[in-house]
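Q: Fold the following and give me the result.
(chains A and B)
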Amino acid sequence: GIQVEQSPPDLILQEGANSTLRCNFSDSVNNLQWFHQNPWGQLINLFYIPSGTKQNGRLSATTVATERYSLLYISSSQTTDSGVYFCAVNTGNQFYFGTGTSLTVIP
Amino acid sequence: KAGVTQTPRYLIKTRGQQVTLSCSPISGHRSVSWYQQTPGQGLQFLFEYFSETQRNKGNFPGRFSGRQFSNSRSEMNVSTLELGDSALYLCASSLIQGGEAFFGQGTRLTVV
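A: Numbering: from 1, shown residues only, chains lettered A, B, ... in the order given. This next block holds a predicted model:
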């Protein structure tokens, strides 16, 4: 199967700081999504981004499919941004997940 | 528009028992897939259903099974529960296979 690597594994930020999360994948994919897992376990959709760049408020994402990586940018971080961020890629019939980046934003 | 609904949210079972989890996808979505999340193994694919047919299956023993009904609702069943089956089970729905997926809140299963 496809290998998905996320970095960094852990990140601690001061409120207001910016951060970049990276996702590398080992093969061509049909679909790439970024999720934020809330404290209750639900995966919240952030971006559906098989290629290109998208922005949603303080969050933006870029996927360079030809180079097999995606970046998630979080600007002006808030304590509510804390949690685990997952990158997942889909080849057409299943998602392969990275191991996540655990983000802690301290006031 | 209602999201993906999983029931029950929490479940405690004894080793050797069986369990059935339910997932109702977003209205109009025909693809439902299931994932297991554990601290040690992360998020792992169990199986995917589309139009009542299992299209793909992950590397899990035969104790794990599922089905999809004509209204796209899906159930997964785990028989002869083991302690290692304790996990968060997540269901995702999408309009088409491989399309944008939306996850439910999950069912947290504890096997004692």
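
Q: For A:I106, list the residues it contacts.
A: A:12-15, A:79 (Cβ atoms under 8 Å, 6 or more residues apart in numbering or on different chains). For glycine as for every other residue, the C-beta is placed from the backbone atoms N, C-alpha and C.

Q: Including distance to chain B, secondary structure and neighbour count, could those go into a markdown table?
A: Formatted as a markdown table, these follow (distance: Cβ to the nearest Cβ, whole Å; DSSP: H, G, I helix; E, B strand; the rest coil; neighbours: other Cβ atoms under 10 Å in any protein chain shown):
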| residue | distance to chain B | secondary structure | neighbour count |
| --- | --- | --- | --- |
| A:I12 | 20 | strand | 13 |
| A:L13 | 23 | strand | 18 |
| A:Q14 | 28 | strand | 9 |
| A:E15 | 27 | coil | 13 |
| A:T79 | 22 | helix | 11 |
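
Q: how about CSV for those, with distance to A:Q6 and pLDDT added?
A: Compiled in CSV, the contacts of A:I106 are given as follows (distance: Cβ to Cβ, whole Å; pLDDT from 0 to 100):
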residue, distance to A:Q6, pLDDT
A:I12, 16, 97
A:L13, 16, 96
A:Q14, 22, 97
A:E15, 23, 97
A:T79, 22, 95
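
Q: Which of those residues sits closest to B:S27?
A: Distance to B:S27 across the contacts of A:I106 (Cβ to Cβ) is lowest for A:T79, with 34.6 Å.

Q: From A:I106, how far out is that closest one?
A: 7 Å (Cβ to Cβ, to the nearest Å).

Q: Would you mind listing the residues touching both of those two?
A: Counting by Cβ under 8 Å, 6+ apart, the common neighbours of A:T79 and A:I106 are A:E15.

Q: what secondary structure does the residue most central in space within chain B sit in?
A: Of all residues in chain B, the one closest to the mean position by Cα atoms, centre = their mean is B:W34, 3.5 Å from it. Three-state call for B:W34 (DSSP: H, G, I helix; E, B strand; the rest coil): strand.
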